[in-house]
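Trainee: below are the sequence and a predicted model for it; my questions follow.
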Amino acid sequence: MAIAGIGSGTLARLVAQSSTLKSQLTTLSAQSVDGKRGAFYGDIAGQAARAISLRGGIARGEAHAQAIDRALGRTAVAQDALKRLSSVAETFLEEAGKVSRADTSRIGALASNARQAIAEVASLLNTRQGSEYVFSGADAANPPIPDPDGIMTTPMATGIAAALGSLAPGNGSAVLSATLFAASSNVAGDTPFSNYLLDPARGLSEPRQGTLAEDGRIVPTGLFANRNAAASAAASETGSWSRDLLRGLMTLANLSPGQTNAGTDFDAVLGSVKAGLKSAMTALGEESGALGISEARLEAARTRHAEVALALGSQLSDVEEVDLAATLTAMQDTQTRLQASWKALSMLSGLSLVDFLR
């Protein structure tokens, strides 16, 4: 409000005071609605840089927490698959232990069950979490077993079948060498595994995938269908729990009662199967255990992010938000002072300039 002819003095100061009080009331009114000191960083003056830094820290923590949630979803699915794969290996290790040359009645049923188990293993290796295949390494958009229904027609399966078909007294060692060769191949097309996983320049040499749980800290979570991720391969002839498991099942799938005529060579083949299945079980346990350690680390990181977010949020609130109770009190006080100022201004503005100057 302005009064013509008066640029200084009591009336001018009162006008300025009223204008200031009105501006303060407008600000306090806005703050009482949304609890914020202002809509722009300029409204918090020297605290703007701190607010930006705090918001950046909160955003990074949220991004890490979201990545951890996705990773834990994948690891939970992977753990279920590993558990079932281990159960398959354990079941057939037990069943193979019941077979002997003296009792051939179990062999036919065992071979049939092994063929069904091979299909289940292929399906488990193609386990997905959402759109991602958990055993595909970095190639998560594509299945590690491209043709699970045709697994028994791969050179790995047919090679093992041919070797078992030749089992006879005196050639047990040659049969085992042939099954090992078929199961260990990294030539594209020779095994059920994808070309990506078998490529020396890509999947065969890539490091284990991980999750960025915190700035500069990656937790390993990736798995491979064709090779071990964390498990030791020291006790494995093929070097991989999946190959040990498939080799054993494919060998059992091609057993027949007549092969017991090979005598001790039959025993050697069966003994190799049991050793391979036991090795697969051990490695699957190691994979599951290592993944469990990673899950614990991820969960601990997620908890830390939640705690840090709470602390940073509190600090940001101190910078950007007002004390609502204090704001409402200040707004009421300012409104009272403004009304008094307007009343005084109204009274003074009614005087003539001559009366005012007397």
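Mentor: Cool, got the structure. Bear in mind that the values here come from a model prediction, so they are computed numbers and not experimental data. Numbers count the residues shown, from 1 in each chain.

Trainee: the residue nearest the centre of the chain - nearest residue in space that isn't next to it in sequence?
Mentor: Centroid-nearest residue in the chain: Ala71, 0.9 Å away (criterion: C-alpha atoms, centre = their mean). Closest residue in space to Ala71, ignoring its immediate chain neighbours: Thr211 at 3.9 Å, by C-beta to C-beta, 6 or more residues apart in numbering. (C-beta placed from N, C-alpha, C; glycine too.)

Trainee: one step back: how far away is the residue nearest to the centre of the chain from Gly289?
Mentor: Note on Ala71: its distance to Gly289, by C-beta to C-beta, to the nearest Å, is 17 Å.

Trainee: same question, Ser100
Mentor: From Ser100 across to Gly289, the span is 34 Å (C-beta to C-beta).

Trainee: ok, now Ile52?
Mentor: 43 Å.

Trainee: cool, Thr303 as well?
Mentor: Counting by C-beta to C-beta, the gap from Thr303 to Gly289 is 21 Å.

Trainee: can you check Ser341 too?
Mentor: Ser341 is 75 Å from Gly289, where distance means C-beta to C-beta.

Trainee: who's more crowded, these two?
Mentor: Legend: neighbour count by other C-beta atoms under 10 Å for Ser341 and Gly289, higher for Ser341 (19 against 13).

Trainee: ok so, going back, am I right that the residue nearest to the centre of the chain falls within a helix?
Mentor: Yes. Assessed by DSSP: H, G, I helix; E, B strand; the rest coil, Ala71 belongs to a helix.

Trainee: begin at 42 from now on, thanks
Mentor: Yep, numbering from 42; the last one is Ala112 now.

Trainee: and the pLDDT for it?
Mentor: Looking at Ala112, its pLDDT is 96.

Trainee: likewise for the one 4 residues further on?
Mentor: Among the per-residue scores, Thr116 holds a pLDDT of 97.

Trainee: so it sits against Ala337, correct?
Mentor: No. Applying C-beta atoms under 8 Å, one finds Thr116 not in contact with Ala337, separated by 10.5 Å.

Trainee: so where do the helices sit in the stretch 42-191 of the chain?
Mentor: Secondary structure of the stretch 42-191 of the chain (DSSP state H, counting those that start in this stretch): helices located at 51-75, 89-138, 148-166.

Trainee: where exactly do the helices run in the stretch 192-341 of the chain?
Mentor: 196-206, 213-225, 236-239, 282-294, 305-361.

Trainee: what helices or strands is the last one leaning on?
Mentor: In other words, helix 305-361. Using 3 or more C-beta pairs under 8 Å, 6 or more residues apart in numbering; DSSP states H and E, the elements in contact with helix 305-361 are helix 89-138, helix 213-225, strand 251-255, strand 258-261, helix 282-294.

Trainee: strand partners of the fourth one, parallel vs antiparallel please.
Mentor: In its sheet, strand 258-261 lies beside strand 251-255 (antiparallel), with partners assigned from DSSP bridges.

Trainee: buried ones in the partner strand?
Mentor: Neighbour-count burial for strand 251-255 flags Thr252, Ala254, Glu255 (criterion: 16 or more other C-beta atoms under 10 Å).
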